[in-house]
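Colleague: The following comprises the amino acid sequence and a computationally predicted model.
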Amino acid sequence: MLKKLNHEKRRILKEWVMIVIGAALVAFPFSFLLYPNDWVIGGVGSIGVILRAILPTDSLTPEQITLIPSLVTFLINVILVILAIIFLGKKMILRIIVGSLIFPGFTALFTLFYNALGADFHQKVIELDPILVMLYSSIIMGIGLGTVVKNNGTTGGTEIPQSIFFKYFHMPYSVSLIIIDGTILLLGYIVLQDLSMTLYAVIVVILSGLCMDIIVFGGFNKRAMYIISNKTEEIIELIQKEYNRGVTSLKAIGEYAKTDRKVIMAVVSSKEYNKLRTDIVKIDDKAFFYVVRASEVSGAGFTDGPRH
């Protein structure tokens, strides 16, 4: 029992370490590439860039001005965490709180490093080819986000309203992402009047999403899970209540023992898969399951509302 407990603690510790590393990777391009060049790519951090452009900053030093996006990200995340506690309950709340704090924390820390490198370095960053900014930001952010999601973490921010929209309106994450980030991109263009930046930003969002999917699950974002367990009913209840996914039971015969078995089949997103796999093992560490790629999924819970 102690050995099993120690193994579980090591697994949880590894997850937290990887979440922190992933959050640092996400924050790095914001502080060193995107914020200095006033790029608005969606998300809470970009709201800070927009506000920096419209707020009076005459009384602030250049170093203080560079910290505005990080401060705005932190303040907005605090509000979003409160909304998460109210509307999403206690499930995953610790990870949401930590993710909402470490991301703006890392952006502030990296921004301080950026300021310490001096004016010559700042000028070189501003003069960088936008294509390089786009490519490196996309890749590093995508790897970071993928690492966070793969380890059941979050960086807070717009993911919180996305979860709220999904829980209460059954709006797919992809749709709410387009609505929220699209609105932020539009505001960025209206305020900064930089069409090139806006077009580059759209590519950043797409490329970082592709990189994230590669890290999380080989570029595919849906998986069909087939599960055989002696605790079938508990797993079905978990999938239906905790993940709001439909479950199909298939009849099968175990040829070795010639016994009737029930096979559970459920389709989940890549983000849900990693956590569901962990939850299944917690219920039955001897559960057998295999996963196949679902290159296209359409229907209740994914594209047209809740399951019935």
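Modeller: That came in fine, so what should we check first?
Colleague: use CA for all of it now, contacts and neighbours both
Modeller: Will do.
Colleague: Strands of the stretch 151-300 of the chain, residue ranges please.
Modeller: Remark: strands assigned in the stretch 151-300 of the chain by DSSP state E, counting those that start in this stretch are 222-228, 248-254, 259-269, 288-293.
Colleague: Please tell me how far His7 sits from Met212.
Modeller: 28 Å (C-alpha to C-alpha, to the nearest Å).
Colleague: more neighbours, these two?
Modeller: Set His7 next to Met212 and count neighbours by other C-alpha atoms under 10 Å: Met212 wins out with 27 against 12.
Colleague: tell me the contacts of that one?
Modeller: By C-alpha atoms under 8 Å, 6 or more residues apart in numbering, the residues touching Met212 are 141-147, 219.
Colleague: Run a quick neighbour tally on Ala252.
Modeller: Close neighbours of Ala252, defined as other C-alpha under 10 Å, add up to 13.
Colleague: and it, what are its bridge partners?
Modeller: Judged by DSSP bridges, the bridge partners of Ala252 are Arg261.
Colleague: I figured it was touching Ile228, is that so?
Modeller: No - judged on C-alpha atoms under 8 Å, Ala252 makes no contact with Ile228 at a distance of 9.7 Å.
Colleague: what's the overlap in contacts for those two?
Modeller: Common contacts of Ala252 and Ile228 (C-alpha under 8 Å, 6+ apart): 261-263.
Colleague: May I see the ChimeraX selection of the buried members of these?
Modeller: To isolate the buried subset of those in ChimeraX, counting by 16 or more other C-alpha atoms under 10 Å, use the following:
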select :261,262,263
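Colleague: Return the member of the shared contacts of Ala252 and Ile228 nearest to Thr154.
Modeller: Thr154 has its nearest neighbour among those in Val263, at 31.4 Å by C-alpha to C-alpha.
Colleague: Okay, Val190 and Ile228: tell me how far apart.
Modeller: That one is not Val; residue 190 is Ile. Going from Ile190 to Ile228 by C-alpha to C-alpha gives 54 Å.
Colleague: and stretch 250-261, how far from the chain's centre?
Modeller: Put simply, stretch 250-261 sits 39 Å off its chain's centre (C-alpha atoms, centre = their mean, to the nearest Å).
Colleague: heads up, I number from 325, so please use that
Modeller: With 325 as the first residue, the last one maps to stretch 574-585.
Colleague: re the thing from before, Ile514 and Ile552 - which one has more neighbours?
Modeller: Neighbours per residue (other C-alpha under 10 Å) separate Ile514 from Ile552, with Ile552 holding more: 19 against 12.
Colleague: can you tell me which residues contact that one?
Modeller: By C-alpha under 8 Å, 6+ apart, Ile552 lies in contact with 585-588, 611-613.
Colleague: State the distance from the residue in the chain sticking out farthest from the centre to Phe411.
Modeller: The C-alpha centroid of the chain is most remote from Lys582, which lies 44.1 Å away (C-alpha atoms, centre = their mean). Taking C-alpha to C-alpha as the measure, Lys582 falls 48 Å from Phe411.
Colleague: With Val616 instead?
Modeller: To Phe411, Val616 is 33 Å away according to C-alpha to C-alpha.
Colleague: just Asn554 next, same as before
Modeller: Distance, Asn554 to Phe411, by C-alpha to C-alpha: 34 Å.
Colleague: Tabulate the contacts of Ile552 (a markdown table), appending pLDDT.
Modeller: A markdown table is the format used below for the contacts of Ile552 (pLDDT from 0 to 100):
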| residue | pLDDT |
| --- | --- |
| Arg585 | 84 |
| Lys586 | 88 |
| Val587 | 90 |
| Ile588 | 88 |
| Ala611 | 88 |
| Phe612 | 88 |
| Phe613 | 85 |
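Colleague: Let me know the secondary structure of Asp382.
Modeller: coil (DSSP: H, G, I helix; E, B strand; the rest coil).
Colleague: List the contacts of the closest residue to Leu574 other than its chain neighbours.
Modeller: Spatially, and ignoring its direct neighbours in sequence, Leu574 is nearest to Val587 (4.9 Å; C-alpha to C-alpha, 6 or more residues apart in numbering). By C-alpha under 8 Å, 6+ apart, the contact list for Val587 reads 550-553, 573-576.
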